[in-house]
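Visitor: With the sequence up front, the predicted model follows.
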Amino acid sequence: MRLGSGTVIEVVGLGDAGWAALGEPQRELVRGADLLLGGARHLALVPPVDGQDRRTWPSPLREGLPALLADVRGSVVVLASGDPLRSGVGTTLVELLGPPAVRIHPAVSSDTLARARLGWPAETTDVVTTVGRDLEAVLPLLAPGARVVVLCSDGRDPARLGGLLAGRGLAAARLTALWHLGGAEEGSRTATAGEWADQDAAGRATPDLVVCAVEVPPAERLAGAGTGAAALAGAWGPVPGRPEDCFDHDGQITKRDVRATALARLRPTPGAHLWDLGAGSGSVGVEWCLAAPRAGCTAVERDAERADRARANAQAHGVAPASRCSTATAPTCSAGPPRAAPPCHVPTPSSSAGERATSSSTSPGRPCRPAVGWSPTRSPSRERPSSSARSDASAAT
């Protein structure tokens, strides 16, 4: 998608305080725009301008943007929340139009404000978005002493997150919900994950514009927190080699030492993509995705029940958007990853016996044995399943 020559879309981030907290250069952009785009909430935060064309986002956002921008004439300004490149419409516009056609003017992001309220340094805090996606995305970041800021979809998420953590043996984790940060209605509530889970059962919610700050107790406190936390001890961190009982399986699973050795040899790197052919329980693909940021996996399993189990294991470990399993029977290698991969095959002991599958380093049309193939191609971001899901949610808030 391309705009007219020289056209640049200005994307202005707004905080909860709206117009009052906006700098004069950004105010001038908004007042001078021929076309002002944004969610209904954002458009209501800025004063009216005579003769200005104001439009709300189409739905679905990504699919509707080309038609919306096709006949753009004059200056275009987009209103967004906080940092438009943090799970926001700015990311979608850059992906569609390219960086030269989009200029970002960020406000202070909600995760930065949350850290400021709690005194958490950026260097020791992780940030994850669950806007328009599953709360399980927080799970890969949990470890003793971890601090995680979670961007939420709505006011029901804090209690739901508490329930998720409590169900994983982390009822003692400290969870602070902070809403309307930087605005007149700013507020917060701190409780243990277990207490938030009780609130979830009662159907109570916080205001919608909310983030959660999760603080996991140190290892010595978790050691006495009960069997649930103790069971997690072998699953902390990104290093492969989790015990077999961390995965649901029917006995067809790559043993932990073989799994650790194979993935150490393949060396997962940020954004790298794995092709797991004959996935079994999906444990290899799950651990690959957990081992490096933005790593992804395409898994193939001919047994439908095992394929379902592999998908469930990815969901349970918070990597479902990145690790995807499809059901196929004896395919030929007619298709591979987007770009050529090095000849790196590792037989997968969990593969269904006799299955033939494709791998990134085989010749087109040639069957091959079950294998794990590594591709250095960019993997779909595990923090956002799709730009449309992310953008629709951000536009709505």
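Guide: Noted; the coordinates are in hand. Residues are numbered from 1 along each chain as shown.
Visitor: quick one: buried residues of stretch 47-60?
Guide: Going by neighbour count (16 or more other C-beta atoms under 10 Å), the buried part of stretch 47-60 is 57, 58. C-beta: built from backbone N, CA, C; applies to glycine.
Visitor: what's it in contact with?
Guide: Here stretch 47-60 makes contact (C-beta atoms under 8 Å, 6 or more residues apart in numbering) with 19, 30-31, 33-40, 43, 64-65, 67-68, 89, 388, 391-392, 395.
Visitor: What are the boundaries of the strands in the stretch 251-397 of the chain?
Guide: 273-277, 296-301, 323-327, 345-346, 372-375 (DSSP state E, counting those that start in this stretch).
Visitor: Could you identify which of those strands has the lowest mean pLDDT?
Guide: Lowest mean pLDDT within the strands of the stretch 251-397 of the chain: strand 345-346, a mean of 40.
Visitor: rewinding a little: give me the subset of the contacts of stretch 47-60 lying in strands.
Guide: Of the positions in the contacts of stretch 47-60, 35, 36, 37, 38 sit in strands, assigned by DSSP state E.
Visitor: The last one is in contact with residue 78, isn't it?
Guide: Yes. If you go by C-beta atoms under 8 Å, residue 38 and residue 78 touch, sitting 6.3 Å apart.
Visitor: State the number of residues packed around the closest residue in space to residue 73 that isn't next to it in sequence.
Guide: Spatial nearest neighbour of residue 73, chain neighbours left out: residue 34 (7.0 Å); criterion: C-beta to C-beta, 6 or more residues apart in numbering. A count of neighbours around residue 34, defined by other C-beta atoms under 10 Å, yields 14.
Visitor: Report the separation between residue 34 and residue 279.
Guide: Counting by C-beta to C-beta, to the nearest Å, the separation of residue 34 from residue 279 is 52 Å.
Visitor: same question, residue 257
Guide: 19 Å.
Visitor: the more surrounded of these two?
Guide: Each of residue 257 and residue 279 has its neighbours counted (other C-beta under 10 Å); residue 279 has more, 39 against 9.
Visitor: what's the distance between the more buried one and residue 127?
Guide: Using C-beta to C-beta, one gets 30 Å for the distance from residue 279 to residue 127.
Visitor: cool, residue 163 as well?
Guide: Relative to residue 127, and taking C-beta to C-beta, residue 163 is found at 21 Å.
Visitor: Equivalent analysis for residue 150, please.
Guide: Distance, residue 150 to residue 127, by C-beta to C-beta: 8 Å.
Visitor: Between those two, which is the more surrounded one?
Guide: Set residue 150 next to residue 127 and count neighbours by other C-beta under 10 Å: residue 150 wins out with 26 against 21.
Visitor: Which pLDDT value does the model give the more buried one?
Guide: At residue 150, pLDDT is 97.
Visitor: residues touching it, list them.
Guide: The contact partners of residue 150, by C-beta under 8 Å, 6+ apart, come to 128, 129, 130, 135, 138, 157, 161, 211, 212, 213, 214.
Visitor: Between those, which sits nearest residue 11?
Guide: residue 129 (17.7 Å; C-beta to C-beta).
Visitor: from what I can see the closest one touches residue 87, true?
Guide: Yes. Residue 129 is within contact range of residue 87, at 4.1 Å (criterion: C-beta under 8 Å).
Visitor: ranges for the helices of the stretch 151-300 of the chain?
Guide: 157-167, 193-201, 219-222, 227-232, 256-266, 283-291 (DSSP state H, counting those that start in this stretch).
Visitor: ranking the ones you listed by burial, who's on top?
Guide: helix 283-291 (a mean of 28; mean count of other C-beta atoms under 10 Å).
Visitor: Tell me the gap between it and the middle of its chain.
Guide: 16 Å (C-alpha atoms, centre = their mean, to the nearest Å).
Visitor: Ok, stretch 37-55 next?
Guide: Put simply, stretch 37-55 sits 30 Å off its chain's centre (C-alpha atoms, centre = their mean).
Visitor: ok, now stretch 261-269?
Guide: Centroid separation for stretch 261-269 versus its chain: 23 Å, with C-alpha atoms, centre = their mean.
Visitor: domains for this structure, by residue range?
Guide: Listed domain ranges for the chain are 9-108, 111-232, 238-375 (source: automatic domain parsing).
Visitor: And the pLDDT at residue 395?
Guide: pLDDT, residue 395: 39.
Visitor: Then residue 226?
Guide: Note on residue 226: pLDDT of 57.
Visitor: Residue 213 too?
Guide: pLDDT recorded at residue 213 is 98.
Visitor: Could you tell me how far the closest residue to it other than its chain neighbours is located from residue 148?
Guide: Spatial nearest neighbour of residue 213, chain neighbours left out: residue 176 (4.4 Å); criterion: C-beta to C-beta, 6+ apart. As for residue 176, its distance to residue 148 is 11 Å (criterion: C-beta to C-beta).
Visitor: Quick one: closest of the strands of the stretch 251-397 of the chain to residue 183.
Guide: Residue 183 lies closest to strand 296-301 among the strands of the stretch 251-397 of the chain, at 37.0 Å (C-beta to C-beta).
Visitor: and the residue lying closest to residue 253 once chain neighbours are set aside, what pLDDT?
Guide: Excluding the flanking residues, the one nearest residue 253 by C-beta to C-beta, 6+ apart is residue 281, at 4.4 Å. Residue 281 carries a pLDDT value of 93.
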